[in-house]
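Peer 1: What would the 3D arrangement of this be:
(2 chains, ligands or ions: 2)
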Amino acid sequence: MSSKPSSIPLIPSVSQSLDVSALPLPPEHMDASPRSNGFWGMAVFLVTDTVIFLLLLVANIYLRRYSQGPAQGALDPGTTIWFSLGLWASSGALVLADSFRKQAKVSGLLYLLTAALGFVFLYGQAQEYLKLNAQGATVDADLFFTGFYTLTGLHGLHVAFGALALLVTGVLRFRGLLDGRREGFTAALGLYWHFVDAVWVVLFLLLYVWGGP
Amino acid sequence: MTTAPVPVETASAPLSRPRNLTRWLSTTDHKDIGMMYLALGALFFLIGGVEVLIMRLQLARPGNTLLEATTYNEFFTLHGTTMIFLAVMPMLLGFSNYLLPLQIGAKDMAFPRLNAFGFWLTAFGGIVLYLSLLEGPPDAGWFAYAPLSERPFSSSLGTDFWAAALLMMGMGTTLTALNIIITTARYRAVGMGLWKMPLFSWMVFVNSFIIAFALPSLSAALIMLEVDRALGGRFFQGGGSPVLWQHYFWLFGHPEVYIMVLPAWGIISEVIPVFSRKPIFGYEFVAGSTVAIAVLSFAVYAHHMFAVGFARPVNLAFAASTMLIAIPTGIKVTNWVATLWKGSIRMTVPMMYAIAFIVQFTFGGITGVSFAVLPIDWQLTDSYYVVAHFHYVLMGGTLFALLSGLHFYFPKMTGRMLSEGFGKPAFWMITLGFNGVFLVQHALGMMGMPRRVYTYPDLPGWGALNMFSTVSAFVLGLGLVLTLINIVISWRIGRVAGDNPWQAWTLEWATTSPPPKGNFVRLPPIKSSRPLWDLAHPEDPDHQRPTRHDQQGKGHIRLEEKDHEQ
Ligand code: HEM
Ligand SMILES: [Cu+2]
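Peer 2: Numbers count the residues shown, from 1 in each chain, chains lettered A, B, ... in the order given. Ligands and ions are numbered 1, 2, ... in the order given. Okay, the predicted model is just below:
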């Protein structure tokens, strides 16, 4: 048993004693999926995002039981559904845009349309916030509204971020500046946008429609 | 066996190292980012260490007046946060970043720029945390129990800085985990099936899934806290539920322990076989039990909340799951010891740290299981026994593994050996110092000394034990300083290492030290988890060896070094 490194029997290291360069294999990797890195990366990211939304929802549902303020009744799902439809329609526009892109047709305008519908949603949400605040349904008014604003606000941030990215994508595509190397980015953005829309379905049902526990 | 020597462009010719500041700032090479994480971790370890030495000075004597109560609170908040998020985690991510692509034979991570972004998020998070010093540092503890962390009880902006910093760092860590998952899934070299990956890569891979599920829980909690603090929300106050904070915090906080300890286990699983000259005993069990731990780590979180007063069945369920998690952990310890068994052991510095790790980690694990026994927890929670326990796990386990890994991989990263002349005395100072600090704290806890107190009365024994703890802390600190000196000196004038100074058999040792950009020019064929062994021993490759089910052959107790010394 040796104690100093210098007394470790000095055997030439592997790559010195073996001619690794004579080996035929260049470094290659296994690639199991035809989808891009960007797509899968976004998929993992959205899993983490799902956990955040889920935990905030659980908090809201749990705390609603102790709510004593103006509560859910102050909401107006009839109005909200209109700008929600805008958001959901944007997913349709995006599907179209993606299929145009895959057929190498001009898709820039459709991406811009998707972004625009996203901004419509944000406008509607801003109006809704103003109205609610005017009625006294503020963040600090009530347990329900603390959760409500947190959830819808976080979702709104997601929409804003995605709409901006779509805007940029649309403009770049329009001007033919996004080449094949950027397909991964577009695929990731598409997945993200559909996720954000899907989250809104859940939020709309649980916050606006469902009466609570 | 081919023996024609390759022209070696090793050691002194660092091919991928940026040479000036701008290149460090803009690098996307996983090795550079890995080393930047290590440097960041070391820097903050130093800061967190100085903080704790001041705390220990305050605690050296009963009724001491060096620090005020609030200042002490700020110190332990910064110390805990710094050590966990800015010292240990960055260092672990550093090793993960550096080693994972090398071990799986990849050129880089799947998203090199995202990788750099993750690092900078972490670094800026650290800056934000310490910017709070301008506004009054956070003082609610690294666990920030609400409503203690709410505006009325913690009115300076410190807690807001703290939350912002943690959100940034959490984001950075999550993105890195995502990167690791995709890299491992898609960038393994041809032939490297999941069950042929080196154990470090295995554990880092599984660990990334824990990160992906645990850190969002912290983010959710932080968002809620900030809605409360900044917008007057009511999640945890004004009718909201303080226990909700604890649920979400510990749903992150307990898995966090495994986030820190899994890569540490990975390092140990690389070091022990190499210096025992044997393959790891029970590779499949060491790797597979990791998955069980990943799942269970979430199932036990409420063992931090036994004192909250849940219904009995809830408490019992979490007590049971906590004891259960000791099983896969025990499997690992058993496998390491079995690897040592009849090995031809070389007592190098990395090996010494690895052995100290096993002893201390096991001890910390046992006190952990003792907490799963409800009456014991009710008695000892929030006492110094807890402080002793988690430091045995985090410092005696994780940090010792990091030191082991540092001494093991330093030659690969820099092309030079660390000096053992410095390394061994430093090891003894760190080990004796560490045990001196924390062993006595078990006793203090059982004698009733509460944690998170800035001072204590002069009860029999308390003063002496605390003084002993403080003196040991300085011995420990000195050992760490010696290690730092060793690093600086050896990096400049250390013995040139060569590609594979320890004769290890995994892929990272098949390239130069330090590796060039792109990592490999050629890769050996990968048929087992030790491709270099197969290459060096075509007459007896791993993939044709008797498996662990076959008791006939020489199996796992063959002493490879003897075979290998021609
Ligand atoms: C130089 C060695 C260290 C010493 C002497 C030391 C000592 C201490 C002391 C005295 C406290 C305050 C306990 C209390 O008042 O409740 C503390 C808290 C803490 N330390 Fe360390 N520590 C060291 C290293 C570390 C490391 C390496 C880590 C992380 C891996 C760490 C993590 C923590 C945490 C998380 C807390 C907060 C505990 C709580 O929840 O109250 N420490 N440490
Ligand atoms: Cu725990």
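
Peer 1: any idea how far the helix ranked longest in chain A is from the chain center?
Peer 2: Secondary structure assigned by DSSP state H gives helix A:143-174 as the longest helix of chain A. Centroid separation for helix A:143-174 versus its chain: 9 Å, with C-alpha atoms, centre = their mean, to the nearest Å.

Peer 1: try stretch B:247-258
Peer 2: Relative to the chain's own centre, stretch B:247-258 is displaced by 15 Å; criterion: C-alpha atoms, centre = their mean.

Peer 1: now do stretch B:448-464
Peer 2: 30 Å.

Peer 1: what comes up buried for that stretch?
Peer 2: Of all the residues in stretch B:448-464, those buried under the rule 16 or more other C-beta atoms under 10 Å in any protein chain shown are B:449, B:451, B:454-456, B:462-463. Where C-beta positions appear, they are placed from N, C-alpha and C, glycine not excepted.

Peer 1: Run through who's touching that stretch.
Peer 2: For stretch B:448-464, contacts defined as C-beta atoms under 8 Å, 6 or more residues apart in numbering or on different chains pick out B:58-59, B:61-65, B:67-69, B:71-73, B:76, B:141, B:382-384, B:386-387, B:443-445, B:447, B:466.

Peer 1: thinking again about what came up before, closest to chain A among the buried residues of stretch B:448-464?
Peer 2: Using C-beta to the nearest C-beta, residue B:451 comes nearest to chain A of these, at 28.2 Å.

Peer 1: So which residue is smack in the middle of chain A?
Peer 2: The residue lying closest to the centre of chain A (C-alpha atoms, centre = their mean) is residue A:192, at 3.8 Å.

Peer 1: what about that residue, helix or strand, and which?
Peer 2: Assessed by DSSP states H and E, residue A:192 sits inside helix A:183-203.

Peer 1: Buried residues of that helix, list them for me.
Peer 2: A:184-197, A:199-200, A:203.

Peer 1: Any stretches of chain A with poor pLDDT?
Peer 2: A:1-28, A:30-32, A:69-70 (pLDDT under 70).

Peer 1: residue boundaries of the helices in it?
Peer 2: Ranges of helices in chain A, per DSSP H, are A:14-17, A:37-64, A:77-102, A:108-134, A:143-174, A:183-203.

Peer 1: re the thing from before, redo the buried residues of stretch B:448-464 as a markdown table? Include pLDDT and secondary structure.
Peer 2: Shown next, in a markdown table, are these (pLDDT from 0 to 100; DSSP: H, G, I helix; E, B strand; the rest coil):
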| residue | pLDDT | secondary structure |
| --- | --- | --- |
| B:449 | 96 | coil |
| B:451 | 95 | coil |
| B:454 | 96 | coil |
| B:455 | 96 | coil |
| B:456 | 96 | coil |
| B:462 | 96 | helix |
| B:463 | 96 | helix |
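
Peer 1: What is the most widely separated pair among these?
Peer 2: Using C-beta to C-beta, those span at most 17.2 Å, a distance reached by B:451 and B:463.

Peer 1: doesn't residue A:87 make contact with residue A:197?
Peer 2: Yes - assessed by C-beta atoms under 8 Å, residue A:197 is found in contact with residue A:87 at 5.8 Å.

Peer 1: re earlier: how close does the residue nearest to the centre of chain A sit to chain B?
Peer 2: 13 Å (C-beta to the nearest C-beta, to the nearest Å).

Peer 1: and that residue, what is it in contact with?
Peer 2: Neighbouring residues of residue A:192 by C-beta under 8 Å, 6+ apart: A:42, A:46, A:162, A:165.

Peer 1: nearest residue to whichever residue of the stretch 351-500 of chain B sits closest to ligand 1 other than its sequence neighbours?
Peer 2: Per C-beta to the nearest ligand atom, residue B:451 is where the stretch 351-500 of chain B lies closest to ligand 1, at 3.1 Å. Among residues not flanking residue B:451 along the chain, residue B:387 sits closest, at 5.0 Å (C-beta to C-beta, 6 or more residues apart in numbering or on different chains).

Peer 1: Which of the three states applies to that neighbour?
Peer 2: Following DSSP: H, G, I helix; E, B strand; the rest coil, residue B:387 is assigned to helix.

Peer 1: on contacts alone, who are the packing partners of the longest helix of chain A?
Peer 2: Applying 3 or more C-beta pairs under 8 Å, 6 or more residues apart in numbering or on different chains; DSSP states H and E, one finds that helix A:143-174 contacts helix A:37-64, helix A:77-102, helix A:108-134, helix A:183-203, helix B:199-231.

Peer 1: Just put these in JSON lines and tack on distance to residue B:314.
Peer 2: Formatted as JSON lines, the helices and strands packed on helix A:143-174 follow (distance: least, C-beta to C-beta, whole Å):
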{"stretch": "helix A:37-64", "distance to residue B:314": "15"}
{"stretch": "helix A:77-102", "distance to residue B:314": "36"}
{"stretch": "helix A:108-134", "distance to residue B:314": "37"}
{"stretch": "helix A:183-203", "distance to residue B:314": "28"}
{"stretch": "helix B:199-231", "distance to residue B:314": "19"}
